[in-house]
Structures are given as C-alpha cells and as structure tokens.
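# After the sequence you'll find the predicted model.
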Amino acid sequence: MSAILAIEDVTVRFGGLTAVNKFSMAVQKGAIHALIGPNGAGKSTVFNCISRIYQPSEGRITLNGEDISKLKSHSMAGRGVARSFQNLELFNELTVLENVMLGAYSRCDTTFLQRLTPRPKQTLEQAEEILESTGLKNYRNTKASGLDFGHQKLLEVARALAISPQLLLLDEPAAGLRSREIERLDELLTSLNKTKGITILLVEHVMQLVMSISDRISVLSFGEKIAEGTPTEVKNHPRVIEAYLGTKEAGRG
Amino acid sequence: MIMNPITNRQVLDLPIRESGAKNRNRIISGGALVVALAVLTVVLPFVTSGYVIYIANLLLVFTVLSLGMHIVIGEAGQFSLSHAAFYGLGIYTAGLLNNAFGLPLILNIIAGGLVAGLCGLAIGFLSLRMRDIYLALSTFAFGEAMQWIFLNWTPVTGGPNGLNFQPAHLFGFTFLSDKAAYPVVLILALVFVAATFVIHFSTLGRSFRAVRESEIAAAAVGIDVKRVKIFAFALSAFYAGAAGGLFTTFSTFIHPESLGFHTTILVLTMVVVGGIGSVSGAIGGAIVFGLISELLRQVPSYQEVIYGGILILFMMYLPRGIFSLIGRR
C-alpha cells in the first residue's frame, strides 16, 4: 500500500497559540483512518489544512506525491478530495437534490454553455443514485434546512460523495446522531470503502464508530501526535488512556 | 419503525413535506397570472394611449433592471448599490453610439450592456474581496462617483443639461413613438426574462446560490467563490447596462438626476418587494413597484419616504415578498 495523503511536520499557529505542533501522518490508499483526541486537540485544524482553509505555518502536505500546501480551497474537489463539516455547512435554502448536484460541480459542465444546461443528465443520474444509497431519496425536494439533524449530517456525506472522491474527509460525522443512525453510518462508510475503494479520513469522538471501522488511528492531544496504530494498539496505549481519562493517580483520587 | 425487508434498514417514515394539492394550486395560480399578464401585454397597445404605453415600456426596462439586481442579490447573495450607475452607463453608451454612428438598436443595447458589464467586472474585482457593509459602501461610492461624472463631464454627457439622442432604429425602422417601440422593448425584455430563468435552473445559477448559502462549502465542492461572485456582479451590471440601452428605444432624453441613489433603491425595493431569490418575484416586484413609483410622482416630496416605509414593512412582515402570498413558498 502507498500513502494517498502525507502530512509532514505540519505546524499551525494562530497568533501566539500553537494549535498543531510538528504533526506528521500518512493515510494509506484504501484505508479508513481515524484522527481522534480530546476537544481542542487540533483535529479540525489539521482537516482545515488538508482542505486548504487554513495555511500551515510550517510543514508540507502531499496528495499522491503532489505538494498541495499552496493550493486554493476550491481546487481540492477537482483532485478528488471531498469533505464534510463538523458544524454543518449545507446550502440551506436549496433542495437536497440541488445540494448533492452541486457536489458534482468540479467534475462536469466545464464549458460555459454546459454550465447553462438546466439539469445535466449525468449529474442528475449520479445524484439520484447517491440519494438512493444514503437513504435521502424521499427528501430530494426538501430544503436542506427542513431536514432533521441526522439527515442533515447524512446530506453532508452525500454531497461529499457527489465529488466522486478518492479521499473523503469526514469531520465528526456521527456527532449528535442516535445510536441507530450511527449503525447506519457505520454500514454506509464501510460499504463506500469496500465497494468504491474510497479512502476515508475521519475525525470522530464516537468511539463505537471509530473502533468498529478504522484500520488505523492517530491520536492527537494538545496539537501533538501521542499515538498511532490499530484500534487495539491505540485503545491500550498508556498515553491515550492518560489523555482521555487523566493519570492513574488522578483517576483513583 | 418500518424496516426494509431486503436491506434490513429503517425505511424513512417521516412525511414528505410538499403535498401534491398545494403544489397544484401553486401551478394553477401562477399559470393564471402568467396568462393574464400575457393577454394584457398583447392587448395593451390597441386599447390605450401613448402615456400608458410609455409606462409599460418603462416597466419592462425596470423588469430587466430588477432581474439584474436579482442575479447579484437574489442568486449570489452579494450587495450592489451601484445599479443606477450601470443603468446610466448603458443609457449613455447606447445613446452616444446612436448619435455618433447611427448603429442599429440591438448593437447599441449590446454595447451598453458590455460597457456596464466590463465596469462591473472591474468594480467587482476590487470590491468583492470585502464583505457585507463594506461591499455595500464601496459599490455605493462607485454609484455616486458615476453620477458625478454623468453630471460634470459636460462635453460628452451634456452634464446638467442632460443628453438628447436620435430616435433608435432597427432593420430600417425608426422608433418615433412609444407605441412603435413597445413590441421591440417587450420582446427584448422577454429575452432577458428567459435568460434569467435559464440561469436560475442551470449549474451556473446553482453555483451562485451555493456561494450565497455557504462560501466555505461552495469552495469545498470546487466552486471558485471569488470568481463566481465577480461574474455574478458583472452579469448583473450587464443586465443593467442593457436595460439602459433598452431605455433608448422609446426615450430620446436622459438627465443624470434620474440616475442617482434613489434609482438604485427603487430597483432594490422591487427585488425585495417581489421576494429575494425568486425570478418571478423580481419580475412581479418590478411591475408592481414600478407602478407604485409612477403613482407616487404625484407627490414627489414624499416619494422616498414612502419607498423606505414600504421596504421596511416588507422586510418585517413579508420578507419573502408579495408573491409569497399567492403560491410561491
């Protein structure tokens, strides 16, 4: 296996605050890789660097060997990098179908005349297919703002899928979901990874999901990587236990 | 909980939001309105006087202006307070070209649109890096500066005396009256209506609305947010400039006084009254509010106060516009 995404010694500073410090991580092609850590550890910051919303102060990020650390945010979709947002960034006043169709923006309709086509057949068909597979089909003409929270989360994933990503970045896709919904998300992500070969990098707090689907887990605490490995390795890593539960002494007290 | 027997997943059991009957009513009421308008526009020149036709022509020009404003505010969600300036650029460009070269009307209109559109491109490039109030202020400043130029560049624009232009002509036919101009104004306005609907339902329109709804998500799906904003702004300026060219079809005089901030506010009000984000709202708003503004000419000193009052009332009580009452959500 080769790395699809490599983060090398990335440091991000906001003013005097170092949010991420010399962080390195490699995501293998075809893997489901989770990035976990306590609140404020810098996970979303790393995500925002990959999707080019933040500029790292130092370090390098490569996608299939290409240095992407100088690229603009909107050029990532064309490279097959899709993402969902922790705090929902849907096109609220647009319908579910329109949201998903917009996901395909970077791939088709390249000429101006094509952009004026009302509903490009290919885009529409693909969008319908995604709505079907994510279980959003019955909501296709509902405004995104009219969905309940769980379905809004799902729509975030559906829109990202319309990019036809090789790398899918999911920022807390399970946060706020009910356990039944989490099970369905688990099935969906596993099937996307197995059948479509999409590499998934996810930030997540819901350990039930992380431990169940991840091939590999990196743990971030206070902006630094403290552990990396398989779910079992990470679960038993002393520094991870310390970061999540405090030191043994404090736990006893 | 209903389960799908094959996949053993929960089948979505929430009601689908839009009921068929409500949808049908919407289509019927909307259709009836369109038919009534179509009959009215055809019958109008046969049953009314020159003044009424002049008003009809003016309303059609306002429709194009309002559609332009709709593109930048309603679709792309960006502020523009310089529409009167783009409109003026179109009028002066078309009028001056007609005076100098006697070109056919269509070429004057296209030239008017292009000059305004190119200015829009430049202004958009400079000001769209700013947001909200700063964007509004910088476009406002451009509008004021342009009106100053119209007023003071006397050798070209006629300055405070206004500018007379030759009657426009097309295919060897010279438009000497409002009635003669009406069919052409109507057809060209309809071209812009059609174009706006095409944009609204296209990928381009969707990308405009994506930028309006969430810039960060728009970028994530591959939309070059800055470029789309600038393009929407320039396109909207093109509409305004073309509306200016259209104005020269039936009018042979322009005074800079009518190209000030109040005209921008008038167009803005049309879009708000019609319902921000809706194409039919922008058209309806232009017609309804164009008529209101024409009636208000009887009481010129209260005109602006009444505009302002209507604008505030709509924002407070009918933010989705007057047409949200009959059909459109």
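All right, it came through fine.

# For the stretch 51-200 of chain B, which residues are neighbours of chain A?
Taking CB under 8 Å from any CB of the partner chain, the part of the stretch 51-200 of chain B that reaches chain A is made up of B:198-199. C-beta here means a position set from N, CA and C on the backbone, and glycine is covered the same way.

# can you list the residues of the stretch 151-253 of chain A near chain B?
Applying the criterion CB under 8 Å from any CB, the portion of the stretch 151-253 of chain A that neighbours chain B consists of A:159-160, A:162-163, A:180, A:184, A:187.

# Can you turn the buried part of these into a ChimeraX selection?
For anyone working in ChimeraX, the buried entries among these, judged by 16 or more other CB atoms under 10 Å in any protein chain shown, can be selected with:
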select /A:159,160,162,163,184
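
# A:Gly42: which of the residues of the stretch 151-253 of chain A next to chain B is nearest?
Compare each of these with A:Gly42 using CB to CB and the shortest gap goes to A:Ala160, at 21.9 Å.

# how about the closest one, what does it touch?
Neighbouring residues of A:Ala160 by CB atoms under 8 Å, 6 or more residues apart in numbering or on different chains: A:82-84, A:103, A:168-170, B:220.

# how does it look with 6 Å?
A:82, A:84, A:168 (CB atoms under 6 Å, 6 or more residues apart in numbering or on different chains).

# and the two most separated of the residues of the stretch 151-253 of chain A next to chain B?
For these, the maximum inter-member distance is 27.3 Å, found between A:Ile163 and A:Arg180 (CB to CB).

# does B:Thr264 really touch B:Ser80, like I thought?
No. At 8.1 Å, B:Thr264 does not count as touching B:Ser80 under the criterion of CB atoms under 6 Å.

# Neighbour count for these two, which is higher?
For B:Thr264 against B:Ser80, the residue with the higher neighbour count under other CB atoms under 10 Å in any protein chain shown is B:Ser80, and the figures read 32 against 26.

# residue ranges with poor pLDDT in chain B?
Scanning chain B for pLDDT under 70 picks out the ranges B:1-24, B:26, B:322-329.

# typed the wrong thing, it's chain A
Checking chain A against pLDDT under 70 turns up A:1, A:108-113, A:247-253.

# mind listing what's buried in the longest helix anywhere in it?
With DSSP state H applied, the helix covering the greatest number of residues in chain A is identified as helix A:179-195. Buried positions in helix A:179-195, judged by neighbour count with 16+ other CB under 10 Å: A:181-186, A:188-189, A:192-193.

# what do you get for stretch A:205-216?
Applying a neighbour-count criterion of 16+ other CB under 10 Å, the buried positions in stretch A:205-216 are A:206, A:209-211, A:213-216.

# which outside residues touch it?
Residues from elsewhere that reach stretch A:205-216, judged by CB under 6 Å, 6+ apart: A:31-34, A:36, A:174, A:182, A:186, A:189-190, A:204, A:231.

# which residue ranges form the strands in chain A?
A:3-14, A:17-28, A:32-36, A:58-63, A:66-67, A:81-83, A:167-171, A:199-203, A:216-221, A:224-229 (DSSP state E).

# name the helices or strands packed onto the first one?
If you count contacts as 3 or more CB pairs under 6 Å, 6 or more residues apart in numbering or on different chains; DSSP states H and E, strand A:3-14 packs onto strand A:17-28, strand A:58-63.

# Okay, now the sheet partners of the first one, with direction.
Strand A:17-28 sits in its sheet next to strand A:3-14 (antiparallel), going by DSSP bridges.

# Run the chain-centre distance for the strand it pairs with.
On the basis of CA atoms, centre = their mean, to the nearest Å, strand A:3-14 is displaced by 15 Å from the centre of the chain it belongs to.

# can you check stretch A:65-74 too?
Using CA atoms, centre = their mean, the distance from the centre of stretch A:65-74 to the centre of the chain it belongs to is 17 Å.

# Stretch B:196-213 now?
Stretch B:196-213 sits 15 Å away from the centroid of its parent chain (CA atoms, centre = their mean).

# Kindly report the same for stretch B:295-309.
21 Å.

# Show me which residues of it are buried.
By neighbour count on 16+ other CB under 10 Å, the buried set for stretch B:295-309 is B:296, B:303, B:307.

# Compute the first-to-last residue distance for that stretch.
Taking CA to CA, to the nearest Å, stretch B:295-309 runs 16 Å from one end to the other.
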